[in-house]
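Visitor: for reference, the sequence and a predicted model appear below.
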Amino acid sequence: MTPSDLNPEFPLFEFDPDPAAILNPQVKLRLENPPQRWVLCFFREVLDSLAQSGELRKVGELRSEAGANPIYQVEQDGTSLLVMHPGVGAPLAVGFMEEAISCGGRHFIACGGCGVLKRDIAVGHPVVITSAVRDEGTSYHYLPPTREAAASPAAVAALEETLRNRKVDYRLGKSWTTDAIYRETKARRTRRVEEGCLVVEMEASAFFALAQFRGVTCGQVVYGGDLVTPEGWDFRDWIARGDVRTALFWLAVEACSKLG
Ligand SMILES: O=P(O)(O)O[C@H]1O[C@H](CO)[C@@H](O)[C@H]1O
Ligand SMILES: O=c1cc[nH]c(=O)[nH]1
């Protein structure tokens, strides 16, 4: 990037493809052969409970100003995977995923929740995200400006195969990734629905952009949460769906174990 690449209006549009930054992620795990498959699980209470029951084993931690973020190991049919909470919001989640890549991570499946833009997506219904509208800032540091970022086809295929095998009904679709949870306005939601978005969340397009930039595989499955429609917002008690959250975590583990 040279001074002539300065965008007079939008700094986010000044994409710099240089893979080396001044500060680079350099984290090492104290594991002999760190697994390449990582599950990024947004459900903190699921991770805490599985750690307590011994199904997840803590093998390290990453840190931010919010404190320690544990990394767990889990076995799935003879395959070892690592698991962590990626943090909420694209900048933090991408920072942690960068560190996971520096630890040897190559294949990522994220599982989380989302707002739904259409009433017919029930609470708890899984949506495999195929692409996401880049209405956040982080992805512009990883890919030139485009409207959307796509999930890795191999990750989408692994998620679909897993859901199909387990006879779980799901949808495939586009997400609206936003940085501003309290700026989901009527007009903006209408525009996103018109361009084909089913759901809204805060990290997918940034995960996908980072994955493309670093040459790793990444997919995401979310379950239908709160309702975001012109008639108003409905919480639908989506956070309380412990059964769905635990099930989605194990589906993500299974899908991730198929990658690579
Ligand atoms: O349940 P998770 O996946 O965290 O999903 C959504 O909820 C959080 C915002 O409250 C953001 O992370 C957004 O992506
Ligand atoms: O980003 C998000 C996540 C859940 N619900 C929303 O309305 N937005």
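Guide: Received it, and whenever you're ready, just let me know what you need. Numbers count the residues shown, from 1 in each chain. Ligands and ions are numbered 1, 2, ... in the order given.

Visitor: what bridges to the residue in the stretch 1-150 of the chain that ligand 1 sits nearest to?
Guide: Across the stretch 1-150 of the chain, no residue is closer to ligand 1 than G112, which sits at 2.2 Å (C-beta to the nearest ligand atom). Every residue, glycine included, has its C-beta placed from N, CA and C. With DSSP bridges as the criterion, G112 is bridged to V222.

Visitor: now for it: which residues touch it?
Guide: By C-beta atoms under 8 Å, 6 or more residues apart in numbering, G112 lies in contact with C41, F42, F43, E201, E203, Q220, V222.

Visitor: go again using 7 Å as the cut-off
Guide: F42, E201, Q220, V222 (C-beta atoms under 7 Å, 6 or more residues apart in numbering).

Visitor: which of those residues come close to ligand 2?
Guide: E201 (C-beta under 6 Å from any ligand atom).

Visitor: with pLDDT added, can I get the contacts of G112 in a markdown table?
Guide: Formatted as a markdown table, the contacts of G112 follow (pLDDT from 0 to 100):
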| residue | pLDDT |
| --- | --- |
| F42 | 98 |
| E201 | 98 |
| Q220 | 99 |
| V222 | 98 |
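
Visitor: so which bits of the stretch 51-200 of the chain are right by ligand 1?
Guide: V88, G112, G113, C114, I181.

Visitor: the residues you listed: which ones sit near ligand 2?
Guide: Answer for these near ligand 2 (C-beta under 6 Å from any ligand atom): C114, I181.

Visitor: of the residues of the stretch 51-200 of the chain next to ligand 1, grab the buried ones for ChimeraX.
Guide: Burial among those is assessed by 16 or more other C-beta atoms under 10 Å; the matching ChimeraX selection reads:
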select :112,113,114
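
Visitor: hmm, back to that, quick check, nearest of the contacts of G112 to E61?
Guide: Among the contacts of G112, F42 lies closest to E61 (C-beta to C-beta), at 17.5 Å.

Visitor: quick one: the strands in the stretch 151-260 of the chain?
Guide: 171-178, 197-201, 217-229, 232-234 (DSSP state E, counting those that start in this stretch).

Visitor: those: which one's closest to Q73?
Guide: Ranking these by proximity to Q73 (C-beta to C-beta) places strand 217-229 first, at 19.4 Å.

Visitor: can you count the residues close to the residue of the stretch 1-150 of the chain found nearest ligand 2?
Guide: Taking C-beta to the nearest ligand atom, ligand 2 has its nearest neighbour within the stretch 1-150 of the chain at G115, 2.8 Å off. Close neighbours of G115, defined as other C-beta atoms under 10 Å, add up to 26.

Visitor: is it true that it touches L198?
Guide: No. Assessed by C-beta atoms under 7 Å, G115 is found out of contact with L198, at 10.2 Å.

Visitor: low-confidence regions, the stretch 101-250 of the chain specifically.
Guide: Of all residues in the stretch 101-250 of the chain, none has pLDDT under 70.

Visitor: if we go to 90?
Guide: The model of the stretch 101-250 of the chain has pLDDT under 90 over residues 238-242.

Visitor: and it, which of its residues are near ligand 2?
Guide: Checking the stretch 101-250 of the chain against ligand 2 by C-beta under 6 Å from any ligand atom, the hits are C114, G115, T178, I181, E184, V200, E201, M202, G225, D226, V228.

Visitor: give the contact list for the fourth one.
Guide: Under the criterion of C-beta under 7 Å, 6+ apart, the neighbours of I181 are M202.
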